[in-house]
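Engineer: Sequence first, then the predicted structure, then my questions.
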Amino acid sequence: MSDWLMSVPAFIVAIGLLVAVHEYGHFWVARRMGVKVLRYSIGFGNRVWGFTGRKSGIEYWLSAIPLGGYVKMLDEREGEVAEADKPYAFNRQHPARRIAIVAAGPGVNFLFAVAAYWLVFMIGVAGIKPMIGAAPESSLAAEAGLGAGEQIVAIDDRKIENWEDLRLGLIERGLDGDSIALSVRAEDGDVRQVTLDLTDVPADPEKMFDRLGLMPYQPPATPLIADVLADSPASRAGLEKGDEIKAVDGETVDTPQALVERIKSRPGEQVVLSVARDGQTRDIPVSLASVDNDAGEAEGRLGAQIGVDAEAWQSMRTTRQLGPVAAIPAAVAKTWEVSALTVRLMARMVTGEVSLRNVSGPIQIASYAGQTASIGLEAFVGFLALVSVSLAVLNLLPIPVLDGGHLLYYSIEWIRGRPLSEAVQVAGQQVGMVALLMLMTLAFYNDILRLLG
């Protein structure tokens, strides 16, 4: 419950801000193009609060449903327009002007992402050193001889500073399906070159990392219960937040990953956890759940979030901080990288190479908003940048009800010298509404599955 007390306000702030930025792009360019704007609204539905500009007559609204917004412009297709106002109607503008107005929304979202990443680089990007843990025997990392505690410092010629850099770099190169050269620093400081062949590695990020066998190195530290899920094996057994797990069936576990792997290997079985609580160690029997993974194999589930004492990770932490000038090209490059990767992953979803489970809806976004807000300003601003890019890319899809669909219509009109017939446009709108509804349904479905574990 406490998580949602943080997540809901953070989600409303994030979506409200990003929608305001997006709609302001339409608003600002429309006014510069001489189009008469009637209303600028954050949210849909009935007005909750607002005012009217004294000179402009524009209505500024905060509306009841905070999941979007709109800029209402004078348009003869939506009602009677006085003869004197017709030159200022949106539908009377040249297609190039309408394209500029529509494109301004996603464009400003990209600019916002650049500004947000610039601020993040100025504050300092906190992360985890790209040190790798022990790789499973059948993985590509194990076949290449990568060992626990080694640090990946570059992919080809690209410098890697933290795990986010490593993850994004591997996903990007995995989509190419080529061989990559890793520069790996051993614990003694020596750097060697390791080649990984990604030809047969799945494009789906989750499956990709399973095949690679790359996971963050976990320094030896007693795993503990970070949170207990309601109505789970952990809660029924009486496990509590903060419990330290010393052993499973008498076998010591000294990292969270070791505990997770031990639990996974015992689906539906009863195990005895040696738990340290309040200075005392007790043995607690737990009947594990059994859940099928993506491969259809049964895995054990405890129903708890596993972590370690924060101090155990101090040596793994790293911070990248840049000055005001150096942060500009870094922010532009980061925005481009995230945008390009988003487009490529969406394209692979269409072809079926990347699972549709990667689509997230408002519930998952709210969860991420709360998590990043609880971490700090840098994390929350980075989250805003990521969602702003996603919002821009999504709106540029050539779906008629989105900005991209309007851009498609106006581009065709510009080329043909006349608009598409009203029947074609209406049919396109209907198809677009169905496509958008299906996308929203999928996003909610994935969110619910995640909530159910």
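Structural biologist: Yes, it's here.
Engineer: Can you spell out which helices and strands pack onto the helix or strand containing Val114?
Structural biologist: Per DSSP states H and E, Val114 falls inside helix 95-123. Here helix 95-123 touches helix 2-32, helix 327-351, helix 377-395, helix 403-416, going by 3 or more CB pairs under 8 Å, 6 or more residues apart in numbering; DSSP states H and E. Bear in mind the C-beta positions are built from the backbone N, C-alpha and C, glycine included.
Engineer: can you tell me the distance between the two ends of stretch 182-201?
Structural biologist: 16 Å (CA to CA, to the nearest Å).
Engineer: so where is the protein shaky, pLDDT-wise?
Structural biologist: 1-5, 294-295, 310, 312, 450-453 (pLDDT under 70).
Engineer: Show me the domain layout of the protein.
Structural biologist: The chain is divided into the following domains under automatic domain parsing: 94-124+323-453, 140-218, 224-308.
Engineer: Select, out of those domains, the one closest to Gly68.
Structural biologist: Gly68 lies closest, by CB to CB, to one member of those: domain 94-124+323-453, at 10.1 Å.
Engineer: Pull the distance from stretch 431-439 to the chain's centre.
Structural biologist: 21 Å (CA atoms, centre = their mean, to the nearest Å).
Engineer: Just the residues contacting that stretch, thanks.
Structural biologist: The contact list for stretch 431-439 (CB atoms under 8 Å, 6 or more residues apart in numbering) reads 359, 399-402, 405.
Engineer: Report the buried residues of stretch 333-340.
Structural biologist: Neighbour-count burial for stretch 333-340 flags 334-335, 337-339 (criterion: 16 or more other CB atoms under 10 Å).
Engineer: do stretch 398-413 as well
Structural biologist: In stretch 398-413, counting by 16+ other CB under 10 Å, buried: 399-410, 413.
Engineer: do the same with stretch 90-97
Structural biologist: For stretch 90-97, a neighbour-count test (16+ other CB under 10 Å) marks 90, 92-93, 95, 97 as buried.
Engineer: Just checking the distance from that stretch to the centre of its chain.
Structural biologist: With CA atoms, centre = their mean as the basis, stretch 90-97 stands 35 Å off its chain's centre.
Engineer: Now the terminal residues of it, how far apart.
Structural biologist: Using CA to CA, the end-to-end distance of stretch 90-97 comes to 9 Å.
Engineer: got it, and stretch 154-161?
Structural biologist: With CA to CA as the measure, the ends of stretch 154-161 fall 8 Å from one another.
Engineer: What lies in contact with that stretch?
Structural biologist: Contacts for stretch 154-161 (CB under 8 Å, 6+ apart): 127, 130, 152-153, 165-166, 169-170, 173, 180-183, 318, 320.
Engineer: need the domains of the chain in CSV with distance to Gly79, can you?
Structural biologist: Shown next, in CSV, are those (distance: least, CB to CB, whole Å):
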stretch, distance to Gly79
domain 94-124+323-453, 16
domain 140-218, 47
domain 224-308, 52
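Engineer: In the helix holding Val114, which residues are buried?
Structural biologist: 95, 97-123.
Engineer: Send me the helix or strand that it is followed by as CSV with only the CA atoms.
Structural biologist: Downstream of helix 95-123, the first helix or strand assigned by DSSP H and E is strand 125-128. C-alpha atoms of strand 125-128 as CSV (Å, rounded to 0.1, in the frame of the first residue of the first chain):
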residue,chain,number,x,y,z
VAL,A,125,24.4,9.1,-13.2
ALA,A,126,24.5,6.6,-10.4
GLY,A,127,24.9,3.0,-11.5
ILE,A,128,26.5,-0.4,-10.9
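Engineer: Does anything pack onto the next helix or strand after strand 125-128? Which helices or strands?
Structural biologist: Using DSSP H and E, the helix or strand that follows strand 125-128 in sequence is helix 140-143. Secondary-structure packing of helix 140-143 (3+ CB pairs under 8 Å, 6+ apart): strand 191-197, helix 205-212.
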